[in-house]
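Student: Take this sequence and fold it.
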Amino acid sequence: MTGAVPRQARAQAELRKVARHTAGVAGFLLVWQILGMSGLFSWLPPATATLARTITLAVDPAFLDDLRGTLTAALIGLPLAVLVAVPIGLVLGTLPAVEEATRVFVEFLRPIPSVALIPLALFFFQPELNAKVALIVFAASWPILINTMYGVRDVDPVSEETLRSFGFGRGAILWWVSLPSAAPFIATGVRLAASVTLILAISVEYFVGGSSGIGSFLIEASTGVGADAMIDVIAALLWSGAIGLVVNTVLVRTERRLFRWRTT
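Tutor: The predicted structure follows:
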């Protein structure tokens with residue numbers, strides 16, 4: 001009986017949260033609709049027309065091909081970034097000498113805007129999908145790498161000393177203590193990197209033009225004339241935001257399920 005009360009309280013809190021979110025979205029759409037119909041901003045179409053176009057894009061074969069092109073690059077690039085960044089982060093986090101030796105190199109590369117590397121990536125990687133994946137790996141690796149480093153450094157030293165006292169080597173301690181302890185940090189890094197993958201994929205597509213992807217769809221839509229062109233642009237942006245929201249929600253819920261013991 002006592003366990004049912006906290007569950008009921010959590011359910012009520014969740015319902016209140018959903019209600020607030022719904023009210024916020026409804027309020028935003030209402031303001032958008034009013035501004036679009038008022039003509040105060042000539043370039044802003046009404047919310048109803050834009051949402052209708054957003055829905056029809058879900059059954060538009062051309063847009064679905066573009067959507068598939070963007071998601072393909074993101075789904076390939078993000079796992080590769082994890083495979084690259086996590087081992088490097090573990091090494092840098094556990095070996096201070098290596099971290100000191102590579103700090104200048106890391107701090108030099110990390111601030112470089114990934115978008116600025118698009119021409120270089122297109123020169124070295126063909127076809128375009130390879131360029132998108134390469135840039136995604138470069139950009140998405142940083143939040144994963146940094147979070148992995150901090151996660152390893154946050155490991156309880158008592159746990160490490162306990163395994164060491166039983167004769168476990170550095171590799172075993174890394175596998176049984178450091179990696180599990182750093183897992184929540186790594187998950188946060190992956191969640192941050194997920195948004196980067198979508199940004200980079202669309203940016204490369206927008207830069208190249210004439211290719212497959214949401215960026216290509218935006219270029220074609222922006223070259224149009226009249227209200228329909230702006231509706232297409234905003235509808236594509238809504239799809240991009242919706243994808244990012246869904247991915248972030250899935251990752252957050254997965255993170256909470258896997259790491260229930262972690263206080264947030």
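
Student: Okay, now the unreliable bits of this structure?
Tutor: Residue ranges of the chain with pLDDT under 70: 1-6, 209-211, 225-227, 261-264.

Student: Show me where it has its helices.
Tutor: Assigned helices in the chain, in chain order: 4-38, 47-57, 61-94, 96-109, 118-124, 128-153, 157-165, 170-173, 179-208, 214-222, 227-258 (criterion: DSSP state H).

Student: Kindly compare burial across these and name the winner.
Tutor: helix 128-153 (a mean of 23; mean count of other Cβ atoms under 10 Å). In short, each C-beta sits where N, CA and C put it, glycine included.

Student: quick one: that helix to helix 214-222, angle?
Tutor: 130 degrees (axes from the mean of the first three to the mean of the last three Cα atoms, to 10 degrees).

Student: list the helices and strands helix 128-153 packs on?
Tutor: helix 61-94, helix 118-124, helix 179-208 (3 or more Cβ pairs under 8 Å, 6 or more residues apart in numbering; DSSP states H and E).

Student: Could you export those helices as a markdown table, including distance to T102?
Tutor: What follows is these, written out as a markdown table (distance: least, Cβ to Cβ, whole Å):
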| stretch | distance to T102 |
| --- | --- |
| helix 61-94 | 7 |
| helix 118-124 | 22 |
| helix 179-208 | 18 |
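
Student: closest to V137 out of the ones you listed?
Tutor: Across these, V137 has its closest neighbour in helix 61-94 (4.8 Å, Cβ to Cβ).

Student: For stretch 191-198, which outside residues touch it?
Tutor: The contact list for stretch 191-198, computed with Cβ atoms under 8 Å, 6 or more residues apart in numbering, reads 70, 73-74, 77-78, 81-82, 114, 136, 139-144, 147, 240, 243-244, 247-248, 251-252, 255.

Student: again, 6 Å this time
Tutor: Stretch 191-198 is contacted by residues A74, G77, L78, A81, I136, A139, A140, P143, I144, G244, V247, L251 when judged by Cβ atoms under 6 Å, 6 or more residues apart in numbering.

Student: Against R10, how distant is R253?
Tutor: The gap separating R253 from R10 is 14 Å, by Cβ to Cβ, to the nearest Å.

Student: W239 now?
Tutor: From W239 to R10 the distance is 32 Å (Cβ to Cβ).

Student: just to revisit the earlier point, redo the contacts of stretch 191-198 as a markdown table? Include distance to Y206.
Tutor: Converted to a markdown table, the contacts of stretch 191-198 look like this (distance: Cβ to Cβ, whole Å):
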| residue | distance to Y206 |
| --- | --- |
| A74 | 15 |
| G77 | 17 |
| L78 | 20 |
| A81 | 21 |
| I136 | 15 |
| A139 | 15 |
| A140 | 18 |
| P143 | 22 |
| I144 | 25 |
| G244 | 16 |
| V247 | 20 |
| L251 | 25 |
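
Student: Now flag whichever of these is closest to F41.
Tutor: G244 (24.9 Å).

Student: which residues touch that closest one?
Tutor: S195, L198.

Student: can you rerun that using 10 Å?
Tutor: A194, S195, T197, L198, I199 (Cβ atoms under 10 Å, 6 or more residues apart in numbering).

Student: Okay then, goodbye and thanks.
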